[in-house]
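[1] Next come a sequence and a model predicted from it.
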Amino acid sequence: MRLRGRKGIREALEGQPELVILEPEQFKGRWSEVFGNDRPIHVELGMGKGQFISQLSALNPQINYIGIDMYDELIRRGSEKAQLSREEHGGDLSNLRLVRYNIESIENVFDSRELERIYLNFSDPWPKKKHARRRLTHANFVNKYQEILNENGEIHFKTDSRSLFEFSLNSFADLGLRMRNISLDLHAEELRTDLVMTEYETKFSQKGMPIHRLEVVIGEHVLAEHLEQLKKQM
Ligand SMILES: C[S@@+](CC[C@H](N)C(=O)[O-])C[C@H]1O[C@@H](n2cnc3c(N)ncnc32)[C@H](O)[C@@H]1O
C-alpha cells in the first residue's frame, strides 16, 4: 500500500484519544474498561483504510470493534472513514477503537481469552517461501490467536490470493482446527452484501477476481455448538 507522508498526522492522531490508541500495550487485559462495558470484542488485523471496520461497527453497536494497522496514515484515514460511516448509518463511535501497532507482538496487546473474533481481510500474501513466517495465517500467528480468543472465538478470513488461501488451509488443518463455510468464490452467485466488504474486496470483485473465504471455529463453546449442528444435519 503506497502512503503519502503528511506533516502533523501524529499530532492529529494524538488529538483523538477517544478513538485512536497509539500505545495499546497499556490496555492488555483492560479492553472492557476502555469500552466501558463487557460486550464482545471483534478485531480486524491489518485494517488498511478502515472501510470494513467502520461500517461493521456502525451496523452493530452491541459489539465492540478494534481495527489495527501499523501506519499512522492508515489510522488517520480510518478515523475519517469512521466519522463518515456514522454520518451514513447514525450512532456514535463509542464501540470503535483504531490501534496503531505491529501485529507481530499481538500477544502484548490482548490477554488470554480477551477477544471473541478476529478478522483477517486480504492480509499481505508474502508469496516468497522465505517470507512464509510473515503471513498472518502462519502457525506462529495462529497459536497467538488461539490464546487471545475466548470460548466463542472465531477467525474470519478473506483473501483474493489463491496461494495464501491454500497455505492457510494447510496451516489451520495442521493445527487440528475446525473450518466451516469455506468458499472459493464468495460472490460467484450474487454479491454477498450481507458480509461487509473491504476496500481490497471491492476492488478485486469489480475486476471479476474470485474472493476466497473461510471461518475457523476456535472457542470450545462455539465448537461444541457447531458439532451439534453438524450431527443434526446427518
Ligand atoms: C492488503 S492490505 C488489506 C487492507 C484491508 N484489510 C482490506 O481488505 O482492504 C493489508 C494491511 O495489513 C497491514 N499490515 C500488514 N502487516 C501488518 C502488521 N504486521 N501489523 C499491522 N498491520 C499490518 C498493512 O499495513 C495493510 O494496511
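    On my side now, so go ahead.
[2] Would you list the strands that the helix or strand Arg213 falls within pairs with, along with their directions?
    Per DSSP states H and E, Arg213 falls inside strand 212-217. If you go by DSSP bridges, strand 212-217 pairs up with strand 149-159 (antiparallel), strand 178-183 (antiparallel).
[3] Just put those strands in CSV and tack on mean pLDDT and distance to the ligand.
    For glycine as for every other residue, the C-beta is placed from the backbone atoms N, C-alpha and C. Output for the strands paired with strand 212-217, formatted as CSV (pLDDT from 0 to 100; distance: least, CB to the nearest ligand atom, whole Å):
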stretch, mean pLDDT, distance to the ligand
strand 149-159, 98, 7
strand 178-183, 96, 16
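[4] Return the most buried member of the ones you listed.
    Of all these, strand 149-159 carries the top mean neighbour count, a mean of 21, counting by mean count of other CB atoms under 10 Å.
[5] For that one, which outside residues touch it?
    40, 113-123, 125, 137, 142, 145-146, 165, 168, 186, 198, 201, 211-222 (CB atoms under 8 Å, 6 or more residues apart in numbering).
[6] Skipping adjacent residues, who's closest to His212 in space?
    Spatial nearest neighbour of His212, excluding adjacent residues (CB to CB, 6 or more residues apart in numbering): Phe165 at 4.1 Å.
[7] Please enumerate the helices of the protein.
    Using DSSP state H, the helices of the chain run over 9-14, 31-35, 51-59, 72-89, 139-148, 162-174, 199-206, 220-233.
[8] Thank you kindly, that will do.
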